[in-house]
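[1] sequence? don't have it. structure:
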C-alpha cells in the first residue's frame with residue numbers, strides 16, 4: 001500500500017528527529033562530567049580545641065563538657081560524641097538527616113556562634129575552638145615532592161611555588177600542602193647565666209613580645225604631604241633577637257647589672273618545630289605532599305589531563321634533585337572506569353540483540369536495538385547534560401540496571417506490529433495500532449518501574465543523597481524509552497519489518513512453544529489457590545531472608561590501593577611511630593620487589 005503525502009512527511013520528520021537525537025546524544029556524552037563517586041554532603045562537623053598542658057580529665061571537665069552542653073541546645077543536632085585526650089578536645093557533631101545540603105551552611109554558622117559564645121567560659125590557656133565542616137572536599141589528586149641535596153626550607157619554597165601554580169589550573173578548587181615542617185626561633189636558656197644576670201624567663205618573654213609588635217606610630221605633615229612614621233625594632237633575623245637589650249637585676253644585693261645583651265645570656269637559633277607534628281615519606285624518602293580537589297561539576301578526567309600538562313611544564317623548570325611523584329591520581333581511575341563502562345555497554349547491547357535475534361528474528365531485533373537501546377541511551381545523555389548529572393558510579397550503574405527494562409516498551413510495539421503484519425495489515429495501519437493501543441498500559445507499567453526506585457531518592461539519609469542519581473537516571477531512561485517506543489519505533493518498523501500479504505488467517509501464536517505456554521497458564525488458573533499460596537510463602541520467605549543480606553553504604557571499590565592505620569600507645573613519640581612505619585615500608589617494599 002502506498003503511503004499518503006501526510007504519512008510520508010510524518011515519517012520523514014520522525015527519522016530526521018531521530019538523526020538529530022543521535023548527533024546530540026553523542027555530543028552530550030563528551031560534555032558530561034566524569035567522577036568516581038557522586039557528590040554528596042557529609043552532615044558531620046568536628047569541633048577541635050587545644051588545651052596545652054592539660055590532662056585528659058581537665059580537658060573533659062573544663063572544655064569538652066561545656067562545649068557539648070552548648071552544642072546540644074541546637075535543634076538540628078542528631079547526636080554528639082566526644083574524645084578528650086591530653087591537651088586536645090575533639091567533638092563530633094552529627095546533624096539531623098532531614099537537613100539538605102543547601103541548609104547546612106546556615107547550620108554550621110549557628111554551630112560556630114554557639115561555640116564562640118562558650119569560649120568565654122574556658123579557663124586561661126585554652127586555644128580558640130575550630131569548627132571543621134568541609135569533609136565533602138575530595139582530594140582526588142595527591143602528589144609527593146621529594147628532594148635530594150636540598151634543605152627542608154628549600155623544598156618548602158619550591159613546593160609553595162608549585163601550590164600557587166597548580167591553584168591557577170582551571171577546575172582546581174583548592175590545593176593543600178601536607179607534611180611541611182614549621183620553622184621556629186628557639187631561645188635556649190641557661191639557668192646559671194640567667195641567675196648571674198638577674199633575668200627571669202618571663203622577663204625575656206615579655207621583652208621579645210613587646211619589641212616585635214606592629215604599632216601605629218602616627219604621621220608627620222610635611223607641606224602638602226603626610227608622611228607615615230614607622231617604628232623600628234622588627235625582627236628580621238635571629239641575630240636581631242640576639243642583639244636585643246634587656247635590663248638585668250642585682251648581683252648579690254648591692255651592684256646593679258644594667259642592660260644586658262640577650263645573646264650573651266641565651267642561645268638564639270633557627271630550627272624546625274620539635275617534635276614535628278606530621279611526617280611524610282614517599283618510597284622511603286622524606287617528602288611534602290600536595291593534595292588537589294576539584295570544583296563542583298568539573299570533570300575529574302579533564303582536570304587530570306590539565307594537571308598533567310601543567311606539571312610537565314613545571315617539572316621542566318625545577319632544579320635537578322627535586323622530583324614530583326604521583327601518590328594517587330583519580331583522573332586515570334575514572335577514565336579507565338568510563339572506558340570499561342563503554343565496553344560493557346557495547347557488550348550488553350550486542351547480547352540483547354543476540355537474544356532478540358533468537359527470539360524474534362534479525363529484523364525485529366535490529367528495530368528494538370536501534371530504538372529501544374541506542375536512541376534511548378543517547379537521549380539519556382542529552383538529559384544528563386541538561387540536568388548536570390555526571391558520569392559516576394551511581395549514574396553508570398543506573399544505566400546498566402535500566403537497560404533490561406528500557407527495551408520492554410520497544411519489544412511490545414514491535415511484537416504487536418509483527419502480529420498485525422503477519423495477518424496481512426498494511427504497514428501504516430499496523431504501525432499506528434501497534435503504538436496507540438498499548439500506549440497507556442505501557443505508560444502505567446513504566447511509571448510503576450520508575451516509582452519502584454523513588455524511595456531511594458526520597459530518603460533523607462546520606463545514602464539517599466549519594467544514590468539520588470540512581471532514581472533520576474532510571475526515571476529519565478525509562479520515561480524516554482516510552483516516548484521513543486510510541487513515536488520512533490513504529491516508523492523504523494515500517495522501514496525494516498517484512499509484511500505478509502494474503503496471510504489474514506495465519507495465527508502467529510499457533511506454535512509449539514505458545515501451545516505449551518498456554519497449557520501452563522491454564523493449569524495455573526485451575527489450581528489458583530495452591531499457586532497463590534506458593535507465591536505467598538515465597539514472599540514471606542524473601543522478607544525473612546532479607547535480614548541475612550549484607551548491607552553497606554559504599555559498594556566495594558576495585559581501586560588497587562589500600563590504607564593501613566598504625567596506632568601506637570598514647571603518648572608515644574612521633575619519632576618512634578616513624579621508625580615503626582619505616583619497618584612496615586621496608587617489608588612492603590621487599591615483598592613488591594620479590595613479586596616483580
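    Yep, that arrived. Keep in mind the model is a prediction, meaning the values are calculated, not measured.

[2] buried ones in the helix or strand hosting residue 345?
    Residue 345 is part of helix 330-360 when elements are defined by DSSP states H and E. Of the residues in helix 330-360, those buried under the neighbour-count criterion (16 or more other CB atoms under 10 Å) are 330-335, 337-338, 341, 345, 349, 352-353, 356-357, 360. To be clear about C-beta, it is placed using only N, CA and C from the backbone, and glycine gets the same treatment.

[3] before we move on, what about stretch 173-193?
    Of the residues in stretch 173-193, those scored as buried under the neighbour-count criterion (16+ other CB under 10 Å) are 175, 179, 180, 181, 187.

[4] how much space between the third one and residue 155?
    Spelled out, it's residue 180. Distance of residue 180 to residue 155, given as CB to CB, to the nearest Å: 9 Å.

[5] which residues do those two both contact?
    Residues touching both residue 180 and residue 155 comprise residue 288, with contact defined as CB atoms under 8 Å, 6 or more residues apart in numbering.

[6] Nearest residue to residue 524 in space, please, no chain neighbours.
    residue 531 (5.1 Å; CB to CB, 6 or more residues apart in numbering).

[7] The one you found touches residue 520, doesn't it?
    No: taking CB atoms under 8 Å as the definition, residue 531 is not a contact partner of residue 520, at 10.9 Å.

[8] Of these two, which one has the most company?
    Each of residue 531 and residue 520 had its neighbours counted (other CB atoms under 10 Å), and the higher figure belongs to residue 531 (13 against 10).

[9] Could you list the low-pLDDT ranges of the stretch 451-596 of the chain?
    Low-confidence segments of the stretch 451-596 of the chain, defined by pLDDT under 70, span residues 500-509, 552-559, 592-596.

[10] let's go with 80 and repeat that
    With pLDDT under 80 as the threshold, the stretch 451-596 of the chain has low-confidence stretches at 460-465, 498-511, 549-563, 570-571, 589-596.

[11] sorry, back to before: for the helix holding residue 345, packing partners?
    Using 3 or more CB pairs under 8 Å, 6 or more residues apart in numbering; DSSP states H and E as the contact test, the elements touching helix 330-360 are helix 300-317, helix 362-368, helix 393-406, helix 408-422.

[12] Pick out the shakiest of these, pLDDT-wise.
    Averaging pLDDT over each of these singles out helix 393-406 as the lowest, with a mean of 83.

[13] tell me the phi and psi of the residue nearest to residue 581 when sequence neighbours are not counted?
    The spatial neighbour of residue 581 that comes closest, neighbours along the chain excluded (CB to CB, 6+ apart), is residue 566 at 6.1 Å. Residue 566 has phi and psi values of phi -120, psi 120 when expressed as degrees, to the nearest 10.

[14] Identify the residues contacting residue 566.
    Residues 577, 580, 581, 584 are the ones in contact with residue 566 under the rule CB under 8 Å, 6+ apart.

[15] contacting residues for the first one?
    Applying CB under 8 Å, 6+ apart to residue 577 gives the contacts 566, 568.

[16] how close does it get to residue 291?
    On the measure of CB to CB, residue 577 and residue 291 end up 21 Å apart.

[17] same question, the third one
    Distance, residue 581 to residue 291, by CB to CB: 19 Å.

[18] So if I had to pick from these two, which one is more boxed in?
    Each of residue 581 and residue 291 had its neighbours counted (other CB under 10 Å), and the higher figure belongs to residue 291 (19 against 15).

[19] Grab the nearest non-local neighbour of the more buried one.
    Counting by CB to CB, 6+ apart, the residue nearest residue 291 is residue 139, at 3.8 Å.

[20] Confirm for me that that neighbour is in contact with residue 176.
    Yes: with contact defined as CB under 8 Å, residue 139 and residue 176 form a contacting pair (6.9 Å).

[21] Identify the contacts common to the two.
    Both residue 139 and residue 176 are contacted by 291, 293, under the criterion CB under 8 Å, 6+ apart.

[22] dump the residue contacts of residue 265.
    For residue 265, the contact set (CB under 8 Å, 6+ apart) comprises 189, 190, 193, 194, 196, 197, 199.

[23] how near is residue 511 to residue 363?
    When residue 511 is compared with residue 363 (using CB to CB), they lie 18 Å apart.

[24] who has more neighbours, the two?
    A side-by-side neighbour count of residue 511 and residue 363, using other CB under 10 Å, places residue 363 first with 16 against 10.

[25] Please report the distance of the residue nearest to the more buried one when sequence neighbours are not counted from residue 352.
    Distances taken as CB to CB, 6+ apart place residue 496 nearest to residue 363, at 5.1 Å, with adjacent residues excluded. Look at residue 496 and residue 352: by CB to CB, they are 17 Å apart.

[26] What is the neighbour count of residue 133?
    Burial of residue 133 is recorded as 21 neighbouring residues (other CB under 10 Å).

[27] which ones are touching it?
    If you count contacts by CB under 8 Å, 6+ apart, then residue 133 has 45, 46, 104, 108, 111 around it.

[28] now those: which count as buried?
    Burial by neighbour count, judged by 16+ other CB under 10 Å, picks out 45, 104, 108, 111 from the contacts of residue 133.

[29] Mind checking which of those are in strands?
    residue 45 (DSSP state E).

[30] Quick check: the two most widely separated of the buried ones among the contacts of residue 133?
    Based on CB to CB, the longest span within the buried ones among the contacts of residue 133 runs between 104 and 111 and measures 10.0 Å.

[31] elements contacting the one helix or strand residue 156 maps to?
    For residue 156, the host element (DSSP H and E) is helix 152-167. The elements that helix 152-167 packs onto, with contact taken as 3+ CB pairs under 8 Å, 6+ apart, are strand 141-147, strand 172-178, strand 285-294, helix 300-317, strand 322-329.

[32] TSV for these, including distance to residue 244?
    Formatted as TSV, the entries for the helices and strands packed on helix 152-167 read as follows, by distance: least, CB to CB, whole Å:
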stretch	distance to residue 244
strand 141-147	34
strand 172-178	32
strand 285-294	33
helix 300-317	41
strand 322-329	37
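
[33] Determine which of those approaches residue 126 most closely.
    strand 172-178 (26.4 Å).

[34] just so I know, which of the helices and strands packed on helix 152-167 lies nearest residue 266?
    Distance to residue 266, taken as CB to CB, is lowest for strand 285-294 among the helices and strands packed on helix 152-167, at 30.2 Å.

[35] How about that closest one, which residues are buried there?
    The neighbour-count criterion (16+ other CB under 10 Å) identifies 287, 288, 289, 290, 291, 292, 293, 294 as the buried residues of strand 285-294.

[36] Out of those residues, which is nearest to residue 25?
    The shortest separation between residue 25 and any of those is 25.4 Å, and it belongs to residue 294 (by CB to CB).

[37] residues contacting the closest one?
    Residue 294 makes contacts with 138, 140, 171, 172, 173, 300, 303, as judged by CB under 8 Å, 6+ apart.
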